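Novice: Compute the structure for the input listed below.
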Amino acid sequence: MGDLFLAIDAGGTAVKAAIFDGNGRLMTSRAVDVVTIHRDNGWVEREPEAFWRNTALAIRELTSTQVDPGRIAAIACTGFGNGIFLVDENGRGTRDGIVSVDHRAQSIVEEFHRDGTAAAMEELLGNRIWGGQTIMQLVWLVRNERDVVEKTRWALACKDYIRMRLTGVAASDPTDASGGGLLDLERGDYVDAHFEHLGIGAFVGRMPPLVENTGIAGRISQTAAEETGLLAGTPVVAAMMDVSACVTGSGVIGGDALTMIAGTWSINAIETDRKVRKQPPILNMLHRDRACRLLAEGSPTSAANLNWYLARAAGGHIDVATANELVAASPVSGRRCHFMPFVNGPAPRRGAFVGIVNSDDRGSMLRALYEGVAFQHRRHSESVAEYVAPLRPSSIRLAGGASKSEVWSQIFADICGLPVEVSEGEELGALGAAMCAAVATGHYSDLAAASRGMCRVTRTALPNAAVRQFYEERYQQFLTLDQKLADLF
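Specialist: Model prediction:
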């Protein structure tokens with residue numbers, strides 16, 4: 001048996017193929033950009049064949065020059081949750097894939113809130129319904145593209161589409177299925193009667209079988225072997241949605257630590273073995289081979305705001321390293337403006353610098369941006385922590401773009417009042433998938449054991465008590481500004 005694990009991570013802008021060893025060390029990786037189509041009517045889609053070609057290219061760049069395919073013990077895929085890829089029996093798309101930031105179904109969500117359907121759904125499914133959610137996209141498809149549905153054999157999540165192209169076998173896992181609002185969480189399975197009640201009975205029998213996170217879902221087909229350079233017959237594991245994979249790859253096991261993923265989305269997640277007894281969060285997933293639930297709150301309000309600032313406001317004249325230096329040089333307790341981190345929504349909110357005076361400069365504005373992102377993470381984390389009260393997480397495990405910055409990690413610690421730990425490595429979602437592969441092939445007994453063997457904390461930022469009151473006052477100002485500005489646009 002091989003000693004390495006190939007993880008494929010399909011994100012919003014690129015697909016990455018990464019090789020890890022049994023200790024969780026990243027040996028080599030390749031990333032290939034993928035095209036996400038933003039249509040004039042607001043739809044956000046991805047062309048399936050181009051998506052697969054670029055995925056195969058990323059893998060082949062590894063197998064052709066970087067790694068002996070015979071050393072790969074198993075393969076695991078992760079990718080963005082929600083959205084949907086409809087395919088025929090051969091895994092070819094029957095329409096372009098719908099990405100999770102596509103909210104074409106939002107008007108149906110509003111309809112369901114008005115007529116009481118939403119409350120019944122949320123009680124059964126354990127997830128708050130929203131416009132980009134998989135189950136809401138299915139409702140939209142049945143109402144608007146019935147002919148496409150009839151041509152469809154399988155309705156797949158992003159990572160499940162890639163796995164089917166690798167193996168020829170349709171499957172999903174409990175994280176994607178539950179996080180997409182497709183499962184009765186108590187039963188842990190699809191509910192045909194619920195699909196019929198929502199008017200999406202056409203999808204009964206079109207949802208893929210569920211395989212546990214560390215279960216083998218298929219093996220590399222001869223066709224995929226020719227396209228990727230992988231060895232036919234290599235096992236491919238079910239693995240996880242990217243949020244679950246990133247929490248797992250960060251090494252978080254249990255409810256003592258709250259995971260903050262600071263990328264395009266502000267994701268704030270915590271493990272629990274409790275059932276949700278009140279209005280559910282945006283994600284409530286069966287996690288880690290159903291060992292627990294993973295609850296998460298979030299919005300598209302995180303580190304992508306910095307990408308916007310550097311590319312648009314700064315015109316590409318400064319880079320991330322320079323931004324970090326400017327923030328570090330800007331006084332922590334000095335007077336400065338606020339930044340509202342809603343450049344990417346959600347509507348009706350919009351991004352804004354507020355309260356600029358002539359003492360503000362690039363450094364203070366960037367510090368305000370870093371703080372605004374951290375304030376929004378704190379707000380979401382306080383919401384998700386209510387589900388596990390009176391228990392309280394004792395630390396934060398920070399992942400995503402913000403975790404690469406020492407000054408930004410310190411700002412998170414100061415604003416949240418908790419130690420902020422950063423795990424080794426930059427491809428934590430891919431590592432989480434690789435951990436599933438390591439367990440599936442017997443290298444570890446379970447994901448908790450894999451965490452002990454493959455994850456390490458390399459840096460910790462401790463909260464500075466001297467600025468606690470200052471940041472508490474700024475946080476309350478941030479909340480007040482958000483309340484007053486929310487209806488402005």
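
Novice: Run me through the strand neighbours of the lowest-mean-pLDDT helix or strand in the chain, direction for each.
Specialist: Taking mean pLDDT, DSSP states H and E as the measure, the chain has strand 37-38 as its least confident helix or strand, at a mean of 88. Strand 37-38 pairs in its sheet with strand 44-46 (antiparallel), by DSSP bridges.

Novice: what about the residue nearest in space to the middle of the chain, which helix or strand?
Specialist: Closest residue to the average C-alpha location of the chain: residue 243 at 3.8 Å, with C-alpha atoms, centre = their mean. Assessed by DSSP states H and E, residue 243 sits inside helix 242-249.

Novice: which SS state does the closest residue to residue 149 other than its chain neighbours fall under?
Specialist: Nearest residue to residue 149, sequence neighbours excluded (C-beta to C-beta, 6 or more residues apart in numbering): residue 202, at 5.1 Å. Where you see a C-beta, it was placed from the backbone N, CA and C, and this is true even at glycine. Here residue 202 is recorded as helix under DSSP: H, G, I helix; E, B strand; the rest coil.

Novice: what about the longest helix in the protein?
Specialist: helix 362-385 (DSSP state H).

Novice: by contact count, what packs against the helix holding residue 243?
Specialist: strand 72-79, helix 174-179, strand 257-262, strand 266-272, strand 283-287, strand 292-299, strand 395-400, helix 428-440 (3 or more C-beta pairs under 8 Å, 6 or more residues apart in numbering; DSSP states H and E).

Novice: Relative to residue 54, which of those is closest?
Specialist: Closest to residue 54 of those, according to C-beta to C-beta: strand 72-79, at 12.8 Å.

Novice: for whichever helix or strand comes after the closest one, what is the average pLDDT?
Specialist: The helix or strand immediately downstream of strand 72-79 is strand 85-87, counting by DSSP H and E. Averaged across strand 85-87, pLDDT comes to 98.

Novice: For strand 85-87, which outside residues touch it?
Specialist: With C-beta atoms under 8 Å, 6 or more residues apart in numbering as the test, strand 85-87 has contacts from 48, 93-95, 97-98, 141, 148-149, 152-158, 160-161, 164, 170.

Novice: which regions of the stretch 1-150 of the chain sit below the pLDDT cut-off?
Specialist: For the stretch 1-150 of the chain, applying pLDDT under 70 flags no range at all.

Novice: Show me the strands in it, by range?
Specialist: Secondary structure of the stretch 1-150 of the chain (DSSP state E, counting those that start in this stretch): strands at 4-10, 14-21, 26-33, 37-38, 44-46, 72-79, 85-87, 97-98.

Novice: So which residues make contact with the fifth one?
Specialist: In this case it means strand 44-46. Residues outside strand 44-46 that contact it (C-beta under 8 Å, 6+ apart): 34, 35, 36, 37, 38, 39, 96, 97, 98, 99, 101, 102.

Novice: Spatially nearest residue to the fourth one, not counting backbone neighbours?
Specialist: Right, the one you point to is residue 37. Distances taken as C-beta to C-beta, 6+ apart place residue 45 nearest to residue 37, at 4.8 Å, with adjacent residues excluded.

Novice: quick one on the thing from earlier: most packed of the helices and strands packed on helix 242-249?
Specialist: The highest mean neighbour count among these, using mean count of other C-beta atoms under 10 Å, belongs to helix 428-440: a mean of 31.

Novice: can you give me the offset of that one from its chain's centre?
Specialist: Chain-centre distance of helix 428-440: 15 Å, with C-alpha atoms, centre = their mean, to the nearest Å.

Novice: Could you check the angle that helix makes with strand 72-79?
Specialist: Angle between the axes of helix 428-440 and strand 72-79 is 140 degrees (criterion: axes from the mean of the first three to the mean of the last three C-alpha atoms, to 10 degrees).

Novice: Who are the packing partners of the helix or strand following helix 428-440?
Specialist: Going down the chain from helix 428-440, the next helix or strand is helix 447-454, by DSSP H and E. Here helix 447-454 touches helix 428-440, going by 3+ C-beta pairs under 8 Å, 6+ apart.

Novice: So what does residue 180 look like in phi/psi?
Specialist: When read as degrees, to the nearest 10, the backbone of residue 180 gives phi -90, psi 0.

Novice: give me the number of residues near it?
Specialist: By the other C-beta atoms under 10 Å criterion, the neighbourhood of residue 180 contains 29 residues.

Novice: Confirm for me that it is in contact with residue 132.
Specialist: No: Residue 180 is beyond contact range of residue 132, at 9.8 Å (criterion: C-beta atoms under 8 Å).

Novice: any residues in contact with both of the two?
Specialist: Common neighbours of residue 180 and residue 132 (C-beta under 8 Å, 6+ apart) are residue 82.

Novice: where's stretch 145-157 relative to the chain centroid, distance-wise?
Specialist: 25 Å.
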